[in-house]
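Asker: The sequence and its predicted three-dimensional model are supplied below.
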Amino acid sequence: MTKTAIVTGGTRGIGRAIAGKLIAEGFTVFATYFKDEAAADRLTCEFGPSAITARVDGSDRRQVEQFCTQLQDHPLPSVLVNNAGIARDGLFLSQEPSTFEQVMANNFGGTLNFCEVFAPLMAKARHGNIINIGSVAAQKIKLGNTAYGCAKAAIERLSMGLSIELARFDVRVNCVSPGFVDTDMFQAFAGDQVREILKSIPARRVMTAEEVAEAVCLLATRRLSTTGSLLRVGNGENVG
């Protein structure tokens, strides 16, 4: 039987690593992306028919619904990984209100839209695994990171609420919240402050995307059998 999974933002960074891990586990992965067609092409070139890409703006509910319709000829995905997101760091008092709204709409709104569209189908099928990607930013307050942190805190809270509602349908909902991860987003955030950031991390290292993907894969395959769990992964920066 074909196993299928959805990974939003699945063509770059953490999402790409997750897609690769799930494909290695025998899944056909539908990886969504927003703009970077070159990254989508690289994913399909590497993994062939096991990776199917689709351009979807997760903040647009209608696009998510259309994407769901496109999957009707395939088995219902048993795994949904909500990973897509953006960072628009800046001081609250000096940034445009629309910037805050964009971060909330893309990060939290996208996760919400995918859950609203696919969770009922999983509940009807009496099986599913939803893994939402949070962040250390939900609890660690940093200057200029208010919008991103609020969005990730909302994702964590959504995950916990959905987990108790969907448990009786054998739909498991968990959240993986990484600390610093070596991705393009981290490099843009860190800029020339990489050494200072490393000094602030107890283990003096940044996680790899593959390490985060390993944690997600444990939940997706139920080798770690749990629901309603918030898994904080990192090198000590997410403690306290």
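Answerer: Alright, I've got the coordinates.
Asker: For stretch 206-217, buried residues please.
Answerer: By neighbour count on 16 or more other CB atoms under 10 Å, the buried set for stretch 206-217 is Val206, Met207, Ala209, Glu210, Glu211, Val212, Ala213, Ala215, Val216, Cys217. No exception for glycine: its C-beta is placed from N, CA and C like everyone else's.
Asker: can you list these in TSV and add distance to His74?
Answerer: What follows is the buried residues of stretch 206-217, written out as TSV (distance: CB to CB, whole Å):
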residue	distance to His74
Val206	36
Met207	32
Ala209	26
Glu210	27
Glu211	29
Val212	26
Ala213	22
Ala215	26
Val216	21
Cys217	20
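Asker: Any regions of the chain where pLDDT drops low?
Answerer: For the chain, residues meeting the criterion pLDDT under 70 lie at 1, 189-190.
Asker: If you count residues, where's the longest helix of it?
Answerer: Longest among the helix segments of the chain by residue count, using DSSP state H, is helix 146-166.
Asker: so what's the residue nearest to Leu230 when sequence neighbours are not counted bridging to?
Answerer: Of all residues not flanking Leu230 in the chain, Cys175 sits nearest, at 5.0 Å (CB to CB, 6 or more residues apart in numbering). Here Cys175 sits in beta bridges with Asn132, Leu230, as judged by DSSP bridges.
Asker: For the most centrally placed residue in the chain, list the residues it contacts.
Answerer: Residue closest to the average C-alpha location in the chain (CA atoms, centre = their mean): Asn83, at 1.5 Å. Contacts for Asn83 (CB atoms under 8 Å, 6 or more residues apart in numbering) come out as Val7, Thr8, Gly9, Gly10, Ile14, Gly15, Ile18, Ile133.
Asker: if I look at it, how far off is Ser98?
Answerer: Distance of Asn83 to Ser98, given as CB to CB, to the nearest Å: 24 Å.
Asker: same thing with Gln139?
Answerer: Counting by CB to CB, the gap from Gln139 to Ser98 is 26 Å.
Asker: quick one: which of those two has more around it?
Answerer: Gln139 (16 against 10; other CB atoms under 10 Å).
Asker: okay but that one is in contact with Asn238, surely?
Answerer: Yes: between Gln139 and Asn238 there is a contact at 7.3 Å, judged by CB atoms under 8 Å.
Asker: any idea how far stretch 201-209 is from the chain center?
Answerer: Stretch 201-209 sits 19 Å away from the centroid of its parent chain (CA atoms, centre = their mean, to the nearest Å).
Asker: give me the element Met122 is part of.
Answerer: Assigned by DSSP states H and E, Met122 belongs to helix 110-125.
Asker: So which elements touch that helix?
Answerer: Other helices and strands packing on helix 110-125, by 3 or more CB pairs under 8 Å, 6 or more residues apart in numbering; DSSP states H and E, are helix 61-70, strand 79-82, strand 128-133, helix 146-166, strand 171-178.
Asker: Let me have the ones you listed in JSON lines, extended by distance to Lys35.
Answerer: Putting those into JSON lines (distance: least, CB to CB, whole Å) gives the following:
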{"stretch": "helix 61-70", "distance to Lys35": "13"}
{"stretch": "strand 79-82", "distance to Lys35": "18"}
{"stretch": "strand 128-133", "distance to Lys35": "19"}
{"stretch": "helix 146-166", "distance to Lys35": "19"}
{"stretch": "strand 171-178", "distance to Lys35": "23"}
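Asker: Many thanks, have a good one.
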